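Novice: Pasting the sequence and the predicted coordinates here, then a few questions.
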Amino acid sequence: MKIISLFNHKGGVSKTTTTFNLGWMLAEQGYRTLIVDTDPQCNLTALVLGYTSIDDTSDFYAKNPNCDLYSCILPVLNGEGRHIEAIPVETAHPNLSLLCGNLQLSEAETQISVALTTALKLPAMRNIPGVLGQCIRATAEKYEYDYVIVDMSPSVGALNQCLLMSSDYFIVPTAPDFFCAQAIKSLTRVIPKWNKEVTEFRDPEFTYHLPMNPPKFIGIISQKYRPRNGAPAKSFQRWIDIINNEVAESLVPVLEPLGMTINEGLFNDYSVRDEPYNLENIADFNSLIAQAQKHNVPVYALTDVQIEQGGNILDNMKISRDDFNKTFKRLAETVRNLTA
């Protein structure tokens, strides 16, 4: 079982959509997969379950107790004992399950932050940083999932720090723009700092401790560009190149001494791409995304009938759908090989 987090503190880079599409493809390839919504905005939960308003979800949560991470770790946050076993919910794919989001997870941010800085002085709080990851891992082991894909929020808070440091691997989704290039540069400072700050919480004497080894960076995903003749348009390719260079020249050299990245040779052995640490280029979903959201399936799983209900240029949409199917098949295969 592998826990893979998708993280970028720059928003709008399609983390949620990619979590759903990648998780579904792994499930399609025969692997029991759990996708985890740890963003308090609950976008992944809404996407998978088809809710358009938080008001629509009250009955669902009442009928599915302990279907979200926050509810399960609440006893530990309150100092009342061990976590509650999570009960993931089914999705439209039989091999894919969801651990739902919860708006209240944002309320745990302060407690986690305090725990990270005062745990040695307040022993009652020392289990809080590790309970997030151990709850996810225990759930994965109980239900025998092969892969867990974690959708994280766009922030550099304590919640994300503990989630990332509880993972086995992580991927950084990116968009081809100036702000994402700056975000990669920022991660060269943030991630080593996070890793150092959680050292004491790897103590196996703690009831809930972080993994002894930090997560490994396996690459970025370049997303949300507009294609031209099957490749990114020139203006988008420029930023993809800049971000690729920032990853290779700045991020990887910082992570490598910490044991937090795979080596370039391994990437080259298993990737079909010739851009180091760029797992895949994924074009903007454009008009397909509306139909995918309507039917609660990935863009590449839309049927011809579902596409036709969109009332757009059907032939081009079908070609685009089939191209996305090939793209996510390659991505899933690469991720499987790099985390084997």
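Specialist: Cool, got the structure.

Novice: quick one, helices of the stretch 101-250 of the chain?
Specialist: 108-118, 128-142, 158-165, 178-197, 234-246 (DSSP state H, counting those that start in this stretch).

Novice: Present these as a markdown table; the columns should include mean neighbour count, distance to residue 294 and mean pLDDT.
Specialist: From N, CA and C alone the C-beta is placed, and that goes for glycine too. Shown next, in a markdown table, are these (neighbours: other C-beta atoms under 10 Å; distance: least, C-beta to C-beta, whole Å; pLDDT from 0 to 100):
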| stretch | mean neighbour count | distance to residue 294 | mean pLDDT |
| --- | --- | --- | --- |
| helix 108-118 | 17 | 33 | 89 |
| helix 128-142 | 22 | 29 | 96 |
| helix 158-165 | 24 | 30 | 97 |
| helix 178-197 | 17 | 28 | 95 |
| helix 234-246 | 17 | 27 | 87 |
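
Novice: Generate TSV for these, with distance to residue 305 as supplementary columns.
Specialist: What follows is the helices of the stretch 101-250 of the chain, written out as TSV (distance: least, C-beta to C-beta, whole Å):
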stretch	distance to residue 305
helix 108-118	43
helix 128-142	35
helix 158-165	39
helix 178-197	36
helix 234-246	32
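
Novice: For residue 46, which of those helices is the nearest?
Specialist: helix 158-165 (19.3 Å; C-beta to C-beta).

Novice: tell me which strands and helices the strand or helix carrying residue 18 is in contact with?
Specialist: Per DSSP states H and E, residue 18 falls inside helix 15-28. The contact analysis (3 or more C-beta pairs under 8 Å, 6 or more residues apart in numbering; DSSP states H and E) places helix 15-28 against strand 2-6, strand 33-37, helix 43-49, strand 96-99, strand 147-151, helix 314-338.

Novice: which residue ranges form the strands in the stretch 201-340 of the chain?
Specialist: 216-225, 227-228, 231-232, 278-283 (DSSP state E, counting those that start in this stretch).

Novice: JSON lines for those strands, including mean neighbour count, distance to residue 135 and mean pLDDT?
Specialist: Below are the strands of the stretch 201-340 of the chain laid out as JSON lines (neighbours: other C-beta under 10 Å; distance: least, C-beta to C-beta, whole Å; pLDDT from 0 to 100):
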{"stretch": "strand 216-225", "mean neighbour count": "23", "distance to residue 135": "22", "mean pLDDT": "87"}
{"stretch": "strand 227-228", "mean neighbour count": "14", "distance to residue 135": "40", "mean pLDDT": "63"}
{"stretch": "strand 231-232", "mean neighbour count": "16", "distance to residue 135": "39", "mean pLDDT": "64"}
{"stretch": "strand 278-283", "mean neighbour count": "22", "distance to residue 135": "28", "mean pLDDT": "90"}
